[in-house]
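*Asks:* Okay, structure incoming, though there's no sequence with it:
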């Protein structure tokens with residue numbers, strides 16, 4: 001772990017981590033906005049990612065929505081990387097109070113983190129829109145035996161919707177409240193793998209009133225000038241324990 005960051009953590013009592021897509025790129029999950037990420041969607045699917053992942057498009061064209069969703073957002077073989085594991089270890093040691101994430105891949109929990117606020121939901125939670133039956137994990141969604149034209153259906157006949165926050169949907173109030181409270185009451189906030197441009201999630205940084213703001217991102221952000229420590233490097237490399 002970066003020695004400057006290690007010192008800040010050692011002197012802190014309540015650390016919170018707020019992360020974005022860059023946390024999972026080292027697990028081979030593409031960054032939504034990178035050149036090698038998902039912005040090729042318009043060429044392949046005929047629409048922008050924001051359109052394809054909107055609640056309106058889900059309702060109007062579920063078959064194309066699920067085609068894009070399955071081909072680009074589901075990574076059943078992805079494993080936690082050094083960043084996920086380091087954060088889980090910090091929580092186990094009593095230093096890290098919570099993880100607030102914009103990611104939907106569930107890798108923080110897979111690494112062992114217990115208190116995770118998933119702002120945009122999770123691909124690992126799915127629920128029937130008709131009867132409310134839950135389908136955890138990815139197996140049911142990916143099994144074409146449960147689908148018609150790629151759209152998964154419940155045994156009751158209702159459509160199964162991923163519990164992912166789509167464009168045009170509101171964030172879960174309880175999750176948002178928990179994330180805001182965690183950030184507002186910590187003394188050190190580590191922000192990693194996010195360009196801090198996606199709202200409302202990016203606005204959460206404004207609730208921080210603590211002592212140390214640490215920003216870890218490969219590229220600059222508009223908040224770099226406000227931070228006590230800025231590290232432009234891969235987050236797994238920065239957080240990795242020896």
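*Replies:* All right, it came through fine. Predicted model, so just to flag it, every value in this text is computed and none were measured.

*Asks:* Below-threshold pLDDT in the chain: ranges please.
*Replies:* Where the chain drops to pLDDT under 70, the residues are 32-40, 242.

*Asks:* quick one, helices of it?
*Replies:* Secondary structure of the chain (DSSP state H): helices located at 3-10, 41-45, 49-52, 55-60, 62-72, 82-92, 107-111, 139-142, 173-185, 235-239.

*Asks:* Let me have the ones you listed in a markdown table, adding distance to residue 219 and mean neighbour count as columns.
*Replies:* For glycine as for every other residue, the C-beta is placed from the backbone atoms N, C-alpha and C. Conversion of the helices of the chain to a markdown table gives the following (distance: least, Cβ to Cβ, whole Å; neighbours: other Cβ atoms under 10 Å):
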| stretch | distance to residue 219 | mean neighbour count |
| --- | --- | --- |
| helix 3-10 | 18 | 14 |
| helix 41-45 | 22 | 13 |
| helix 49-52 | 20 | 18 |
| helix 55-60 | 29 | 15 |
| helix 62-72 | 22 | 18 |
| helix 82-92 | 17 | 22 |
| helix 107-111 | 22 | 22 |
| helix 139-142 | 33 | 16 |
| helix 173-185 | 22 | 16 |
| helix 235-239 | 12 | 23 |
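
*Asks:* closest to residue 121 out of the ones you listed?
*Replies:* Residue 121 sits nearest to helix 173-185 of all these, at 8.4 Å, using Cβ to Cβ.

*Asks:* picking that back up, quick one: closest of the helices of the chain to residue 101.
*Replies:* Per Cβ to Cβ, nearest to residue 101 of the helices of the chain: helix 107-111, 6.0 Å.

*Asks:* Which strands and helices lie in contact with the closest one?
*Replies:* Applying 3 or more Cβ pairs under 8 Å, 6 or more residues apart in numbering; DSSP states H and E, one finds that helix 107-111 contacts helix 82-92.

*Asks:* Report all helices and strands that the helix it packs on contacts.
*Replies:* Identification of packing neighbours for helix 82-92 by 3+ Cβ pairs under 8 Å, 6+ apart yields strand 15-19, strand 96-101, helix 107-111, helix 235-239.

*Asks:* go again using 6 Å as the cut-off
*Replies:* Where contact means 3 or more Cβ pairs under 6 Å, 6 or more residues apart in numbering; DSSP states H and E, helix 82-92 is packed against helix 107-111, helix 235-239.

*Asks:* ok, residue 121 to residue 176 distance?
*Replies:* Counting by Cβ to Cβ, to the nearest Å, the separation of residue 121 from residue 176 is 12 Å.
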